[in-house]
Structure formats: C-alpha cells, structure tokens
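*Asks:* okay, structure incoming, though there's no sequence with it:
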Ligand SMILES: C[S@@+](CC[C@H](N)C(=O)[O-])C[C@H]1O[C@@H](n2cnc3c(N)ncnc32)[C@H](O)[C@@H]1O
C-alpha cells in the first residue's frame, strides 16, 4: 500500500475543552500539558482569551463560543494569502462552505442563543455584524473536526482549513488522526492519481438511512456513495430491520441508559442475549450499531467489575463488526485491538495477546503511521519488539531485558 499523508498543525482554531493538567494561573480556566504548550497557546490565542475569561468570570463560555471567537479575532488579523496554494486552499474561515442560508430552525435557534454569550466574550470592536457571524457559524458547523487524544477521548473542536476541503464518503479512502493538535489526513486504501480523497463525517456503522438523514441535516447534501446505495438496495420491504430483534435491542438499550450504576448486575442481564457471536452474513447490518452499543456497555461493566476474562471475550467479539463496517484499516479498530491485546497480555493469555497486538500494530502503522507519537512511546516500542520476535526470544529495550 502506498502511504501518503497530509499534515496540518498549529493553524487550526481550537478550543481545548477539558483536561486534568496544569491550569493557567491567570484565568484558571484553560489547562495545558506542559510549559511550551502553554507558551505557544499564549501567543496563538490565549493572551486575548485569558483577558476575556477573566472579564466574564465565573461564567465559562461553551466550546462553540470559544471556537467562534478565535475565528472572528483571527479573521480580522489575517493578511491576504501570497502562496501558490491560494487558488486551491482556503485561507480564512469565511471562504469555507457554510450553507448559512439553509440552516434548520434548530440550528438558527442555536445561533440566536449564542449571540449573547459571544457578545460578552468578544471585545466590542471585534464583534462582527450578525450576518457575517451567521456565515462563520454555518462554516464552523459543517467544517469542524473533533479532536481526540490517543485513546479517542474527546479533547476539543477545531477548524483546519486545508483538511476542510475533504468531502465525505461512507466508503472513504482516508482517515483523520490527531497527534496532539496536529491533524493528519492519511490514506487507508490505494488512491489513484487524480482520485478524490474522502473521509467519513460520521459513524458508518449507523444504518444508511440514518446516515443520509444526518448528512442532509448537518451538511446539506445527499450521500450517493456505493455503501449507501448497496445498503439501501439490500433493504427489503418495510425498512429492512428485523422488527423483533430491533424492539428487544432498543428496549434493552433504553433500560441500560436509564440504569444509573453501570456496575449494576441488571445491565449484564440485559446484555446477555446479545453477547454471543454475531453472524455477520445473516444478522442485519442495520441493527449492528445498536448491538455494538449494548456490547460496548457490557465490556465496560465487566471491566469495572474486574471480570477481565469475560471482558476480553466480549472485546474479541466486538472486533468483527468493526472490521465489517470500517474495513481492515481504521483508527478505531487499531486502538480497540490494542486494548484487547493489552488486556489479554495482562491475563497472561500470551498466544492470543500476540495475535491481537500484532494485528493492532499492523493496523496502526497504516492509520497512524510509524512517526505518530503513539507509535513512539516506550510501551508501544516494547509491544512492537515483543510481536516481532518469536515467543521466549530474549529482547532488550533501553538496557533492560523483556520477554513474552
Ligand atoms: C467540509 S466541506 C467539504 C469541502 C467542500 N466541498 C468545499 O469545496 O468547500 C463539507 C461540504 O462539502 C459538501 N460535500 C461533502 N461531501 C459531499 C458529498 N459526498 N457529496 C456532495 N457534497 C458533499 C457539502 O456541501 C458539505 O456541507
């Protein structure tokens, strides 16, 4: 597989949402992983955000208000572009697709509700007129990226001008991965010269009709990709869902969501009918996303109640629908295989652990690439070595001997 990548970093407008790390001593609102990260953010945007956060203290503006205010401030400062990329890549957010004239009533209400906090947060001379604000709001809605950490936990929302050019396909050939604040667009399939690079804007495990409805509502287009066409053609009379299976699943999910204590044994009782292998050829793909929600919940319950062997069994089952819907190379699959592999390793189920870790690493080498910080951590280097050599082979890492 030819591997190409596009990196974009340091230029995205971004609002870091939550962190347990060191707080800015002045506003006590924004946290940083280290001093250099804090210093960089100070010149990039926090110098002004900090003043505004102190001014409105104890209120803290939401993610979108902070993101929009950064965009608006930057918009005012941005100089005309002088590079050769000018014709191809947008250089400011107002050049992005915004669909602001087509916003749904819900989105328009959301915009109206943002105006007051936005006005409080932004300096009066910078506050844009409402018409251009609506355009920026529309652009932020259909061009934002959800930044995640190496475990796929939510970190922030951000706008990356170049990556915003990528269109959607449910049968995409590229994925987006983050290395701290840097965004990488990486190919996961062979892409021929001149072929369009596409990404997935949403979870492709959701049924085609639901995906299409969400894409219409949020991005204002009808998805006509092969995956949508094939799935919709495969649906029988009615909506194609197995009614009984679906009713049972939905009921269980509702009860599970209502249960406050996720360790509650009741949850496991509810999950039990769904913890057997899925026959992917005959079970109904349109129900897989519900099944997976139930099973992920069960995995979490077993982990919390320290029933690790049972958690590992469900984890192993869960990798199949991942592959079925996302194909052999997806960041989610790679990270999930890694998690299951590490769990098996801690249970000393060595041959299985090697199998899962080896597959995890081969997926992550494509989705994240060998230069990603995740692949360079000491624990990953150790796993790479362990998988590369036969069982029992002596291995040395940083002057200490390890073996599997
Ligand atoms: C993040 S932008 C992508 C770049 C955009 N095409 C442009 O040239 O600025 C998202 C917008 O692109 C369009 N788009 C993305 N994927 C599409 C697709 N598969 N079919 C039609 N339009 C699509 C929609 O208008 C959507 O709101």
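*Replies:* That came in fine, so what should we check first? None of the values given here were measured: they were computed from a predicted structure. Residues are numbered from 1 along each chain as shown.
*Asks:* secondary structure class for the closest residue in space to residue 226 that isn't next to it in sequence?
*Replies:* Leaving out its chain neighbours, the residue that sits closest to residue 226 by CB to CB, 6 or more residues apart in numbering is residue 171, at 5.2 Å. All C-beta spots, glycine's among them, are computed from the backbone N, C-alpha and C. Under DSSP: H, G, I helix; E, B strand; the rest coil, residue 171 falls in the coil class.
*Asks:* can you pull the contacts of the nearest residue to residue 46 once chain neighbours are set aside?
*Replies:* Once flanking residues are discounted, residue 46 sits nearest to residue 30: 6.3 Å by CB to CB, 6+ apart. By CB atoms under 8 Å, 6 or more residues apart in numbering, the contact set of residue 30 is 16, 23-24, 41, 46, 49-50, 53.
*Asks:* just the buried residues out of these, in ChimeraX syntax.
*Replies:* The ChimeraX command for the buried members of the contacts of residue 30 (criterion: 16 or more other CB atoms under 10 Å) is given here:
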select :16,24,41,46,49,50,53
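*Asks:* how close does the nearest residue to residue 130 once chain neighbours are set aside sit to the ligand?
*Replies:* Sequence neighbours aside, residue 115 is the residue nearest to residue 130 in space, at 7.0 Å (criterion: CB to CB, 6+ apart). From residue 115 across to the ligand, the span is 23 Å (CB to the nearest ligand atom, to the nearest Å).
*Asks:* ok, now residue 111?
*Replies:* 17 Å.
*Asks:* verify the stated contact: residue 122 with residue 49.
*Replies:* No - the pair residue 122 / residue 49 is not scored as a contact, 10.2 Å apart, by CB atoms under 8 Å.
*Asks:* got any residues that touch both of those two?
*Replies:* The contact sets of residue 122 and residue 49 overlap at residue 69 (CB under 8 Å, 6+ apart).
*Asks:* just the buried residues of the helix or strand where residue 382 lies, please?
*Replies:* Per DSSP states H and E: residue 382 is located in helix 378-388. Applying a neighbour-count criterion of 16+ other CB under 10 Å, one finds 380, 382-387 buried in helix 378-388.
*Asks:* over to stretch 145-154?
*Replies:* Buried residues in stretch 145-154, defined by neighbour count with 16+ other CB under 10 Å: 145, 147-148, 150.
*Asks:* re earlier: can you pull the phi/psi pair for the residue nearest to residue 130?
*Replies:* phi -60, psi -40 (degrees, to the nearest 10).
*Asks:* separation between it and residue 106?
*Replies:* Taking CB to CB, to the nearest Å as the measure, residue 115 falls 16 Å from residue 106.
*Asks:* do residue 253 as well
*Replies:* In terms of CB to CB, residue 253 sits 24 Å off from residue 106.
*Asks:* same thing with residue 69?
*Replies:* Noted for residue 69: a distance of 22 Å to residue 106, by CB to CB.
*Asks:* looking at the two, which is more packed in?
*Replies:* residue 69 (24 against 9; other CB atoms under 10 Å).
*Asks:* go ahead and confirm the more buried one touches residue 51.
*Replies:* No - using CB under 8 Å as the test, residue 69 is too far from residue 51 to be in contact (11.6 Å).
*Asks:* what about the residue lying closest to residue 221 once chain neighbours are set aside, how many residues close to it?
*Replies:* Ranked by CB to CB, 6+ apart and with sequence neighbours excluded, the top spatial neighbour of residue 221 is residue 215, at 6.2 Å. Residue 215: 18 surrounding residues under other CB under 10 Å.
*Asks:* tell me which element residue 215 is part of?
*Replies:* Going by DSSP H and E, residue 215 is in helix 208-219.
*Asks:* who in the protein is up against the ligand?
*Replies:* 96-97, 99, 142-143, 164-165, 167-169, 219-221, 223 (CB under 6 Å from any ligand atom).
*Asks:* could you rerun that using 8 Å?
*Replies:* Contact residues, the chain versus the ligand (CB under 8 Å from any ligand atom): 90, 96-97, 99, 142-143, 164-169, 198, 201, 215, 218-225.
*Asks:* okay, and which of those residues map to strands?
*Replies:* Among the residues of the chain next to the ligand, the members falling in strands (DSSP state E) are 167-168, 198.
*Asks:* as JSON lines, those residues with neighbour count would be great.
*Replies:* Formatted as JSON lines, those follow (neighbours: other CB atoms under 10 Å):
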{"residue": "167", "neighbour count": "14"}
{"residue": "168", "neighbour count": "16"}
{"residue": "198", "neighbour count": "17"}
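*Asks:* of the contacts of residue 30, closest to the ligand?
*Replies:* Nearest to the ligand among the contacts of residue 30, counting by CB to the nearest ligand atom, is residue 16 at 21.8 Å.
*Asks:* report pLDDT for the residue nearest to residue 130.
*Replies:* According to the prediction, residue 115 has pLDDT 93.
*Asks:* circling back: and the helix holding residue 215, what does it pack onto?
*Replies:* In terms of contacts (3 or more CB pairs under 8 Å, 6 or more residues apart in numbering; DSSP states H and E), helix 208-219 is packed against helix 130-143, helix 226-234.
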